[in-house]
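[1] Here is a sequence together with a model predicted from it:
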There are 2 protein chains.
Amino acid sequence: MNRSTETDLIARYFAPLAAEGGLGLKDDAALLRPRPGFDLVLTADALVEGVHFLPEDPAASVASKALAVNVSDLAAKGAVPVGFLLSAALPGDWTDAWLAAFAEGLGRAARAFECPLLGGDTVRAAGGLTLSVTAIGEVPAGRMVHRMNARAGDILCVTGTIGDAALGLALRSVPPWSGSLEEAERGFLGDRYLHPQPRIALAGALREHARAAMDVSDGLVGDLAKMMRASGTSATVDLDKVPMSPAVRRAVAEEPALADLAMTGGDDYEILCAVPPGNLASLRREAEDLGLALAPIGIVTDGTSPPRFVEHAGERQFRSMSFSHF
Amino acid sequence: MNRSTETDLIARYFAPLAAEGGLGLKDDAALLRPRPGFDLVLTADALVEGVHFLPEDPAASVASKALAVNVSDLAAKGAVPVGFLLSAALPGDWTDAWLAAFAEGLGRAARAFECPLLGGDTVRAAGGLTLSVTAIGEVPAGRMVHRMNARAGDILCVTGTIGDAALGLALRSVPPWSGSLEEAERGFLGDRYLHPQPRIALAGALREHARAAMDVSDGLVGDLAKMMRASGTSATVDLDKVPMSPAVRRAVAEEPALADLAMTGGDDYEILCAVPPGNLASLRREAEDLGLALAPIGIVTDGTSPPRFVEHAGERQFRSMSFSHF
């Protein structure tokens, strides 16, 4: 079977996903008319085969993840998605079947996140599949939620549960860790690694109630340290309060060393935020109304020393704070 | 010498290039307040080692080219640059020296094109260096120059000279073509490959006088065919009128087969536009005032058959119309 040329490939797989501003992907560029009274929020995250996903991951899942991790950044900034551009560097052995599945997954994610395709580029990779997404969101003017605004006394909160994706990946590492988890638990953790769920619904509540926020992508411990550093503050975190799924609790009970992996492993795509104490009840109520778990895990403190992580047994030191590429 | 971590690397090499909206690259996202009355134009182009540049190309040149090819798309749409995001996937053997040179070249290009860094991502590559840039430009509302608006009777024009970069690359292919070009001619062609010059200055005149435009990146013959297809038109092009540099003329005189490479080889980053006859004199005058060559090379015609390319010797058929990745 003949493979598509670059032009055919775009027309066949990507043009059907294009928003109006994408001009059917038939132009050199996309057109965006910003809404008066709104700021744009722009973020770019790349996903690389063997680094951010595994070669055997389903094409649809990889596509969905590439968009989800970017939309997650928008949500953490209080922004609502407007659209995205995708640069896809395809390895030599791509097939039309693979690309069809990829486009299907990308389209499904774009609809779910209400973040349509605006444009992009398709090129040959120098090695493994490499996906670069730039996502654009909007916030009412002046209302972006920054990372650097946390203040001493703010309550640190995190959405969802932490560590699922890191353990989901560990289940697939060589040699795999498995323990005695049940099939359903293993499936849950694997799914959390493959299919991050950006917390878009929380964007409005973050704008209203949070002072600072970021998404947790490189591990809670390291990302929290980054937020405190950017804000010129420190923090005390109660590790016993960090929300963990039943599957992670069971894995950690069985193999306590996994607790560190859960807290530093990354790929959570939950939202960490710093909330003035007077806003906490409102934020929790709105999160609850949205069906989103939101847990207070600590407090922002004065000073610039690294955050302290305490637990019932005392203080915990993390050897590696977060995922690092280099 | 210890290499930088990801956070250090961004702080050290990229943060100094960041625009105000880039927030010092210390946040998850960039902030852009669109100017009232302007549309945004968005384009994404990726550059891959071994595909769009050679492994031995200087880091500063690669960086500059990654931005230039995107700004070239903006210029062809009549847009003025606002800023860009860069996703850089770095191979395992990057060094601080390489990255310092890369950032220096990127910063120089960003200043030259008045297109500051807004944000991005730095990850580990699965193979060769892969750079994805998303560039953002602005046009007065409703004034983007589209690719699809050419009409029968419009004059086709192209800026600069065509074929320099393709021959510059041929000089470096294995085995290299060289002919009897002089050192200065070889240097000129090599520079045209390494350092494309986006025609930013022409953006305003294109908005005023052109009906359709695109940049010539994949070869004049194929790109012209794309513009005609998008517009639902055909064209007749006089190849004798396509502007060629003295170096290309000399190379083609010596080895006539190179004429095809010059017309289809790509990497020109000149602008092809379709101009209503009544606007031609004004556009030429404005281009001249800007010190930019602009040559009429043909005419848009009715019908949907592929463009005809004629020359003194008759009609020419191109076996391969343009550069293709797949």
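    Perfect, thanks for sending it.

[2] Contact partners for the closest residue to chain B within the stretch 51-200 of chain A?
    In the stretch 51-200 of chain A, the residue that lies nearest chain B is A:G127 (1.5 Å; C-beta to the nearest C-beta). Every residue, glycine included, has its C-beta placed from N, CA and C. Residues near A:G127 by C-beta atoms under 8 Å, 6 or more residues apart in numbering or on different chains: A:49, A:91, B:125-128.

[3] So for A:F323, what's the pLDDT?
    For A:F323, the pLDDT comes out at 68.

[4] make that A:L131, sorry
    On pLDDT, A:L131 comes in at 97.

[5] In the sheet, which strands lie alongside the helix or strand containing it, parallel or antiparallel?
    Using DSSP states H and E, A:L131 sits in strand A:130-140. Strand A:130-140 has the following sheet partners, assigned by DSSP bridges: strand A:38-48 (antiparallel), strand A:80-90 (antiparallel).

[6] Most neighbours among the contacts of A:G127, please name it.
    When neighbours are counted by other C-beta atoms under 10 Å in any protein chain shown, B:A125 leads the contacts of A:G127 with 28 neighbours.

[7] how close does the residue nearest to that one when sequence neighbours are not counted get to B:K65?
    Spatial nearest neighbour of B:A125, excluding adjacent residues (C-beta to C-beta, 6 or more residues apart in numbering or on different chains): B:A89 at 3.7 Å. From B:A89 across to B:K65, the span is 16 Å (C-beta to C-beta, to the nearest Å).

[8] for A:G153, same thing?
    49 Å.

[9] So for the two, which sits in the more crowded spot?
    B:K65 (24 against 14).

[10] can you pull out the helices in the stretch 201-326 of chain A?
    Listed in chain order, the helices of the stretch 201-326 of chain A (DSSP state H, counting those that start in this stretch) span A:203-209, A:220-231, A:246-254, A:258-264, A:280-289.

[11] Go through those and pick out the most buried.
    helix A:220-231 (a mean of 24; mean count of other C-beta atoms under 10 Å in any protein chain shown).

[12] Tell me the helices and strands packed up against it.
    With contacts taken as 3 or more C-beta pairs under 8 Å, 6 or more residues apart in numbering or on different chains; DSSP states H and E, helix A:220-231 sits against strand A:212-216, strand A:234-238, helix A:258-264, strand A:270-275.

[13] Those: lowest mean pLDDT?
    helix A:258-264 (a mean of 95).

[14] Let me see the contact set for the residue nearest to A:V248 when sequence neighbours are not counted.
    The spatial neighbour of A:V248 that comes closest, neighbours along the chain excluded (C-beta to C-beta, 6+ apart), is A:G163 at 4.6 Å. Residues near A:G163 by C-beta under 8 Å, 6+ apart: A:220, A:244-245, A:248, A:261-263, A:265, A:268.

[15] Point out where chain A drops to low pLDDT.
    Scanning chain A for pLDDT under 70 picks out the ranges A:1-4, A:323-326.

[16] quick revisit: out of the contacts of A:G163, which comes closest to B:A201?
    A:D268 (47.2 Å; C-beta to C-beta).

[17] Burial check on the closest residue to that closest one other than its chain neighbours, number of neighbours?
    Counting by C-beta to C-beta, 6+ apart, A:D268 lies nearest to A:V216, which is 4.4 Å off, once chain neighbours are set aside. By the measure other C-beta under 10 Å, the count of residues near A:V216 is 26.

[18] for A:V216, what are its contacts?
    A:158, A:162, A:223, A:266, A:268-272.

[19] Switch the residues you listed over to CSV; also include distance to A:G105.
    Formatted as CSV, these follow (distance: C-beta to C-beta, whole Å):
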residue, distance to A:G105
A:V158, 27
A:I162, 25
A:D223, 26
A:G266, 22
A:D268, 21
A:Y269, 16
A:E270, 22
A:I271, 23
A:L272, 27
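
[20] Which one of the residues you listed is nearest to A:L17?
    For the contacts of A:V216, the minimum distance to A:L17 (C-beta to C-beta) is 21.9 Å, reached by A:Y269.

[21] Surely the closest one and A:S72 touch.
    Yes. If you go by C-beta atoms under 8 Å, A:Y269 and A:S72 touch, sitting 4.5 Å apart.

[22] Mind listing the shared neighbours of the two?
    Common neighbours of A:Y269 and A:S72 (C-beta under 8 Å, 6+ apart) are A:196, A:198-199, A:215, A:217.

[23] picking up where we left off before, tell me which residues touch the residue nearest to B:A125, please.
    B:A89 touches A:46, A:48, A:130, A:132, B:123-126, B:129-131, counting by C-beta under 8 Å, 6+ apart.

[24] make it 7 Å
    Applying C-beta atoms under 7 Å, 6 or more residues apart in numbering or on different chains to B:A89 gives the contacts A:46, A:48, A:130, B:123-125, B:129-130.

[25] swap in A:Y193?
    Residues near A:Y193 by C-beta under 7 Å, 6+ apart: A:165, A:168-169, A:267.
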